[in-house]
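1. Coordinates for the following, if possible.
(one chain, ligands or ions: 1)
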Amino acid sequence: MTSKLFSPYTMRGLTLENRIVLSPMCQYAGEDGRATDWHIMHLGQYACSNIGLIITEACGVEPKGRISPWCIGLYNDETEEALARVIRFCKAQSDTKFGVQLAHAGRKSSVTPSFMIREAVPPEKGGWIPHSPSPYSDGVHPDPKAMEIEDIEEVKAAWVASTKRAARIGVDLIEMHFAHGYLVNEFTSPLINRREDQYGGSLENRMRFGLEIFKACRAAFPPDKPMGARISAVDWVEGGWTIEDSVIFSRELKALGCDYICTSSGGVSLHQKITAGPGYQVPFADRVRRESGVATMAVGQITEPQQAEDILEAGQADMIALGRRLLANPRWAWMAAVHFQQFLKYPPRYRVCHPKMGTKLNFTDTTEKKQQLLHMFQQEQETTVKAWG
Ligand SMILES: Cc1cc2nc3c(=O)[nH]c(=O)nc-3n(C[C@H](O)[C@H](O)[C@H](O)COP(=O)(O)O)c2cc1C
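-> Next up is the predicted model:
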């Protein structure tokens with residue numbers, strides 16, 4: 001049986017084993033911006049589960065670019081080494097590829113974790129005054145400081161510095177977080193951006209900040225490694241950012257070397273009216289893919305292997321990101337592989353539960369066990385055989 005979901009996907013010099021992607025998900029388990037043992041456990045399980053691409057949670061490019069004081073970052077030597085440790089662990093388990101999501105949370109930063117009641121964290125409790133393109137108050141997030149040109153330049157430089165750190169620690173791919181009402185999305189959306197300088201007003205001006213960041217970071221990351229962007233395809237608010245704007249933004253990003261667009265949506269305004277349901281953001285991936293000519297990653301309520309396969313088969317997207325479904329079942333890819341009768345190389349320590357092994361575990365003597373293992377080995381790559389020892 002053939003399966004598009006289990007076919008490799010190549011961007012620049014990177015080939016993913018399959019099209020299944022772990023969607024970035026904040027864990028609120030960092031310490032002063034450093035990834036911790038939790039991240040080794042959390043991301044490590046996906047490195048042992050044949051996920052084609054792991055993408056980290058949003059990593060702040062500066063301390064106040066984190067969503068909360070418990071979020072991780074990539075902005076100093078300590079945060080760099082902490083993330084490097086996670087990557088080393090993940091890469092030692094398998095050849096799962098590892099991407100980092102670089103982010104700046106803008107006005108929606110300095111809050112409590114999403115699994116608690118969302119509240120502002122004031123500076124005296126370890127928080128900070130968030131930055132935003134324009135003054136804005138929504139009663140939930142702390143009121144931000146409107147950014148001066150110097151602040152804009154500082155954030156761009158921070159983004160480039162994080163990119164260089166990501167390259168240094170062997171990240172395979174960078175995803176720019178330009179979605180969900182965080183800083184770059186605050187610049188693109190007319191609902192937040194009220195600036196009257198070259199960064200506000202027309203669509204061209206509102207896209208400028210994100211495009212400048214992308215261009216500078218692309219130049220700072222090895223040319224054989226891919227770089228994509230996650231955008232909110234629509235604001236879900238009358239008078240907000242539209243899918244037509246997304247097609248234009250994606251085209252501009254592609255011209256700067258963007259390898260894929262992940263089409264999420266919403267997050268800019270508390271007045272959003274989202275029509276959610278299974279695969280509800282897939283039409284955005286489809287439209288951006290067809291009209292801007294850039295590869296897309298579909299995300300949002302994609303839960304079933306056949307659903308994922310159908311999206312790829314229909315040419316609506318090139319990769320499928322799963323969030324909550326992978327939290328619930330990190331071995332989703334194994335289940336999907338059985339569904340499509342695909343042969344996966346399980347990590348050696350888990351090989352005993354491989355479906356090919358399941359019926360063959362009644363050894364009568366060690367010679368028979370040896371023969372069966374050898375038979376398995378022959379079906380797999382040389383490297384896996386070595387890892388078994
Ligand atoms: C706990 C949690 C944390 C999240 N953190 C991030 C994040 O750091 N960056 C991001 O772009 N999206 C984040 N998201 C959104 C997910 O990546 C994904 O787009 C969303 O959950 C929809 O996909 P799903 O229906 O497969 O879960 C988060 C979602 C959850 C549930």
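2. which regions of this structure lie under the pLDDT threshold?
-> 357-366, 368-389 (pLDDT under 70).
3. Do a quick rundown of the strands in it.
-> 9-11, 14-16, 20-22, 53-60, 97-103, 131-132, 145-146, 173-178, 227-232, 260-264, 295-299, 319-322 (DSSP state E).
4. For the ligand, find the nearest of the ones you listed.
-> strand 53-60 (3.5 Å; Cβ to the nearest ligand atom). C-beta: built from backbone N, CA, C; applies to glycine.
5. hmm, back to that, okay, the strands of the chain in a markdown table with mean neighbour count and distance to the ligand next?
-> Listed next are the strands of the chain as a markdown table, based on neighbours: other Cβ atoms under 10 Å; distance: least, Cβ to the nearest ligand atom, whole Å:
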| stretch | mean neighbour count | distance to the ligand |
| --- | --- | --- |
| strand 9-11 | 18 | 18 |
| strand 14-16 | 17 | 17 |
| strand 20-22 | 28 | 9 |
| strand 53-60 | 27 | 4 |
| strand 97-103 | 26 | 6 |
| strand 131-132 | 23 | 18 |
| strand 145-146 | 14 | 23 |
| strand 173-178 | 27 | 5 |
| strand 227-232 | 27 | 5 |
| strand 260-264 | 30 | 5 |
| strand 295-299 | 26 | 5 |
| strand 319-322 | 26 | 5 |
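6. Leaving out sequence neighbours, find the closest residue to residue 230.
-> Distance criterion Cβ to Cβ, 6 or more residues apart in numbering; nearest residue to residue 230, sequence neighbours excluded, is residue 262 at 4.1 Å.
7. ok, that neighbour - contacts?
-> The contact partners of residue 262, taken as Cβ atoms under 8 Å, 6 or more residues apart in numbering, are 175, 179, 228-231, 296-297, 299, 321.
8. If we use 10 Å, what do you get?
-> Shown in contact with residue 262 (Cβ atoms under 10 Å, 6 or more residues apart in numbering): 21, 23-24, 55, 101, 175-179, 228-231, 233, 281, 284-285, 288, 295-300, 317, 319, 321.
9. Give me the distance between the spatially closest residue to residue 121 that is not a sequence neighbour and residue 21.
-> Excluding the flanking residues, the one nearest residue 121 by Cβ to Cβ, 6+ apart is residue 127, at 3.3 Å. Using Cβ to Cβ, to the nearest Å, one obtains 31 Å as the distance from residue 127 to residue 21.
10. so does stretch 182-193 get close to the ligand?
-> No. Using Cβ under 6 Å from any ligand atom, stretch 182-193 stays clear of the ligand, with a minimum separation of 8.5 Å.
11. end-to-end on that stretch?
-> One end of stretch 182-193 to the other measures 12 Å (Cα to Cα, to the nearest Å).
12. What is the neighbour count of residue 344?
-> 18 (other Cβ atoms under 10 Å).
13. Repeat that for residue 180.
-> Residues near residue 180, counting by other Cβ under 10 Å, number 20.
14. for residue 270, what are its contacts?
-> Counted by Cβ under 10 Å, 6+ apart, residue 270 has contacts 138-141, 181, 237.
15. Could you let me know which of these ends up closest to residue 94?
-> Taking Cβ to Cβ as the measure, residue 94 lies nearest residue 181 of the contacts of residue 270, at 34.6 Å.
16. check contacts around that closest one.
-> With Cβ under 10 Å, 6+ apart, residue 181 has these contacts: 105-108, 138, 141, 189, 191-192, 232, 235, 266-270, 272.
17. Which stretches in the chain count as helices?
-> 37-47, 77-93, 149-168, 183-188, 203-220, 243-255, 282-292, 305-313, 324-328, 332-339, 355-358, 366-379, 382-388 (DSSP state H).
18. and residue 318, how far is that from the ligand?
-> 16 Å (Cβ to the nearest ligand atom, to the nearest Å).
19. what about that residue, neighbour count?
-> So residue 318, with other Cβ under 10 Å, has 21 neighbours.
20. quick one: stretch 35-49 to chain centroid distance?
-> Centre-to-centre, stretch 35-49 and its host chain are 15 Å apart (Cα atoms, centre = their mean, to the nearest Å).
21. Sorry, slip of the keys, the one I care about is stretch 321-334.
-> 14 Å.
22. cool, and stretch 308-315?
-> Per Cα atoms, centre = their mean, the centroid offset for stretch 308-315 relative to its chain is 20 Å.
23. Give the buried residues for that stretch.
-> 308-312 (16 or more other Cβ atoms under 10 Å).
24. and if you look at stretch 133-151?
-> Buried residues in stretch 133-151 (16+ other Cβ under 10 Å): 133-134, 136, 141-142, 144, 147.
25. If we check the ligand, which of those are in contact?
-> Counting by Cβ under 6 Å from any ligand atom, no member of those is near the ligand.
26. Thanks a lot, see you next time.
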